[in-house]
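[1] the sequence isn't on hand, but the structure is:
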């Protein structure tokens, strides 16, 4: 199956912060403006919108802006849109957009992810927590009665297997957060710009073993935009386009607890089908790290090392900014903020264009992988600058 | 735990499971045709597409496939730390069940530990918890 060419031609991001006063629709517009300027396009050039997971009131601030609201707010003329929670993880919104430009449904698609969970806590009048009757339905009936309340608890299950079966050590897992925090120091937009030492990591409060506070991202207010364009659309843009060389999603069970391994593993293997690229061609990786172990799983899932070897693989400076496989060069979500998946693709494009500033990796990077998710659903993008 | 439980809302699909403990038996949905286990409960067998499924008692024992000790007070009244585990259910190949391991110190719970079910009735529900087999 051939991959129809599509490109990321513009990237943009709003201010990144916590408890921002600015309306999340305006944060979205800020990111759109930056992405349009970056691409050399105007809103009139945009004929598609793709977002994940669409507008929802619960949890408060999780996704306060949807495609339909944006279309109407800006009087946009679109020929295709989607904004859905039942979709292939956060970056699935980009895979959907690539499909739309590949089938001619659109020429330039704005993909966005807007999060406002910190701002929502600060403003419960506008972002009320729904008062249910205290009963659990659907998938949650299998988790909440046992106070398995958070994805942290669910990811920790799989991390515990790595510790028990493969000997993963906390000192090794720490390399995810330590690398994130070191890189965040060089990113002017990073939410956390403060160094972290191994001692501080080891002493930090345990949340759900083996995950400590420093293994978790935190609620952030931000909007991130990626513009996906067709090959024909490249005639309209002035930026350096980054080609979506391949994309992947693969799930066998949509479940947090019935799978032996998380969906990052099936998705990672899928990324190398239908492409001549190999892991050794990759110059930088931007891996979802809402919880550190998810990022570790992506190294194994994508074949950078074998199953169970991730702890050792990331432990010798290999994934540092000046290492052989620079990882989360913007700080990931742990330092960069919970941008919820889109930050990884934004950074991959930034690095491939050589626009990373103080955090730009050395050499002439041409190929990057960006991922999102990792539990029941996971998505991956293989990005190339030709 | 002193916080009230968040109980499952019973419906025609899940009622057998959450009330199974009334007679002290743990049950999962089993295919009459191919004997595969279907969990979570659904109206079709994913292995042979038979629609004839019946709750079947299992021994009530299992092995811890993965576990975490939770220290975070996600809501008021939680008595942390507590153990959340995925138990591989004996007699129901391929089925995992997320539960709490009760009746002992959290730090003594480990992957591969054999466990057995203990039920706790809360309103109209019999919650299956597990404890280590001595």
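    That came through, no problem. Because the structure is predicted, anything quoted here is derived from the model rather than measured.
[2] most centrally placed residue in chain B?
    residue B:97 (4.4 Å; Cα atoms, centre = their mean).
[3] show me what contacts residue 65?
    Unless you meant another one, I'm taking chain A. With contacts taken as Cβ atoms under 8 Å, 6 or more residues apart in numbering or on different chains, residue A:65 has the following neighbours: A:24-25, A:28, A:51, A:55, A:112, A:114, A:223. Every residue, glycine included, has its C-beta placed from N, CA and C.
[4] should've been chain B
    With contact set as Cβ under 8 Å, 6+ apart, residue B:65 has these partners: A:161, B:85-88, B:96, B:111.
[5] can you rerun that using 6 Å?
    Taking Cβ atoms under 6 Å, 6 or more residues apart in numbering or on different chains as the definition of contact, the neighbours of residue B:65 are B:86, B:88, B:96.
[6] you'd agree it is in a helix?
    No. In this structure, residue B:65 is strand, not part of a helix, as judged by DSSP: H, G, I helix; E, B strand; the rest coil.
[7] what are the phi and psi values at the residue most central in space within chain A?
    Using Cα atoms, centre = their mean, the residue of chain A that lies closest to the mean C-alpha position is residue A:341, 1.6 Å off. Backbone torsions for residue A:341, taken as degrees, to the nearest 10, come to phi 90, psi -40.
[8] how many neighbouring residues does the nearest residue to the residue nearest to the centre of chain B once chain neighbours are set aside have?
    Once flanking residues are discounted, residue B:97 sits nearest to residue B:87: 5.0 Å by Cβ to Cβ, 6 or more residues apart in numbering or on different chains. Other residues within reach of residue B:87 by the criterion other Cβ atoms under 10 Å in any protein chain shown amount to 26.
[9] and residue B:87, bridged to which residues?
    For residue B:87, the beta-bridge partners are residue B:64, residue B:97 (DSSP bridges).
[10] one step back: please flag which of the contacts of residue A:65 sit within strands.
    A:51, A:112, A:114, A:223 (DSSP state E).
[11] now do the contacts for the third one.
    Going back to what we said before, that points to residue A:114. A:24, A:28, A:65, A:223.
[12] filter those to the buried ones?
    Judged by neighbour count, with 16 or more other Cβ atoms under 10 Å in any protein chain shown as the criterion, the buried members of the contacts of residue A:114 are A:24, A:28, A:65, A:223.
[13] in contact with the second one, which residues?
    Residues touching residue A:28, when contacts are defined by Cβ under 6 Å, 6+ apart, comprise A:65, A:112, A:114, A:223.
[14] so what's it closest to, chain neighbours aside?
    If you skip the residues right next to it in sequence, residue A:28 has residue A:223 as its closest partner in space, 4.4 Å away by Cβ to Cβ, 6+ apart.
[15] in a helix, residue B:30, correct?
    No. The assignment for residue B:30 (three-state DSSP) gives strand, which keeps it out of a helix.
[16] can you tell me the SS state at residue A:268?
    Residue A:268 ends up helix, using three-state DSSP.
[17] can you count the residues close to the residue nearest to it when sequence neighbours are not counted?
    Distances taken as Cβ to Cβ, 6+ apart place residue A:301 nearest to residue A:268, at 2.9 Å, with adjacent residues excluded. Residues within reach of residue A:301, counting by other Cβ under 10 Å, total 28.
[18] cool, residue A:23 as well?
    Residue A:23 has 14 neighbours, counted by other Cβ under 10 Å.
[19] next one, pLDDT for it please.
    Listed pLDDT for residue A:23 reads 98.
[20] what of the one 5 residues further on?
    The confidence metric pLDDT takes the value 98 at residue A:28.
[21] for residue B:2, same thing?
    At residue B:2, the predicted lDDT confidence score is 80.
[22] which residues of the stretch 101-250 of chain A lie near chain B?
    Proximity of the stretch 101-250 of chain A to chain B (Cβ under 6 Å from any Cβ of the partner chain) is limited to residues A:134-137, A:141-142, A:144-146, A:148-149, A:153, A:156-157, A:160-161, A:164, A:206-209.
[23] please enumerate the strands of the stretch 151-300 of chain A.
    Under the criterion DSSP state E, counting those that start in this stretch, the stretch 151-300 of chain A carries strands at the ranges A:206-208, A:211-212, A:221-230, A:242-249, A:284-286.
[24] I meant to write chain B there.
    Secondary structure of chain B (DSSP E): strands at B:7-8, B:26-31, B:37-38, B:53-58, B:61-70, B:82-89, B:96-102, B:114-122, B:125-132.
[25] can you redo the ones you listed as JSON lines with mean pLDDT?
    Written out in JSON lines, the entries for the strands of chain B read as follows (pLDDT from 0 to 100):
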{"stretch": "strand B:7-8", "mean pLDDT": "98"}
{"stretch": "strand B:26-31", "mean pLDDT": "98"}
{"stretch": "strand B:37-38", "mean pLDDT": "98"}
{"stretch": "strand B:53-58", "mean pLDDT": "98"}
{"stretch": "strand B:61-70", "mean pLDDT": "98"}
{"stretch": "strand B:82-89", "mean pLDDT": "98"}
{"stretch": "strand B:96-102", "mean pLDDT": "98"}
{"stretch": "strand B:114-122", "mean pLDDT": "98"}
{"stretch": "strand B:125-132", "mean pLDDT": "98"}
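[26] get me the contact residues on chain B for chain A.
    Where proximity means Cβ under 6 Å from any Cβ, the interface of chain B facing chain A comprises B:5-9, B:66-72, B:74, B:84, B:86, B:96, B:98-100, B:111, B:127.
[27] would you show me how to pick out the buried ones of these in ChimeraX?
    Per 16+ other Cβ under 10 Å, the buried members of these correspond to this ChimeraX selection:
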select /B:5,6,7,8,9,66,67,68,69,70,71,72,74,84,86,96,98,99,100,111,127
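[28] hang on, the earlier thing: check contacts around the residue nearest to residue A:268.
    Contacts were defined as Cβ under 6 Å, 6+ apart; by that measure residue A:301 touches A:264-265, A:268.
[29] run the last query once more with 7 Å
    Listed by Cβ atoms under 7 Å, 6 or more residues apart in numbering or on different chains, the contact set of residue A:301 reads A:264-265, A:267-268.
[30] do residue B:4 as well
    Residues counted as contacts of residue B:4 (Cβ under 7 Å, 6+ apart) are residue A:134.
[31] hang on, residue A:371 in a helix?
    No. According to three-state DSSP, residue A:371 belongs to no helix; its state is strand.
[32] number of nearby residues for it?
    Neighbourhood size, residue A:371 [other Cβ under 10 Å]: 32.
[33] ok, and the closest non-adjacent residue to it?
    Distances taken as Cβ to Cβ, 6+ apart put residue A:380 closest to residue A:371, at 4.6 Å, once the chain neighbours are dropped.
[34] my read: that neighbour touches residue A:248, true?
    Yes. Checked against Cβ atoms under 7 Å, the pair residue A:380 and residue A:248 is within contact range at 4.5 Å.
[35] these two: who's more crowded?
    Set side by side, residue A:380 and residue A:248 show more neighbours around residue A:380, with 31 against 26, by other Cβ under 10 Å.
[36] helices along chain A, start to end?
    Counting by DSSP state H, the segments of chain A that form helices are A:24-39, A:67-73, A:92-102, A:117-122, A:151-166, A:170-184, A:198-203, A:263-271, A:292-301, A:310-313, A:332-336, A:342-352.
[37] now the buried ones among the contacts of residue A:114 in a markdown table, with distance to residue A:241?
    What follows is those, written out as a markdown table (distance: Cβ to Cβ, whole Å):
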| residue | distance to residue A:241 |
| --- | --- |
| A:24 | 29 |
| A:28 | 23 |
| A:65 | 26 |
| A:223 | 22 |
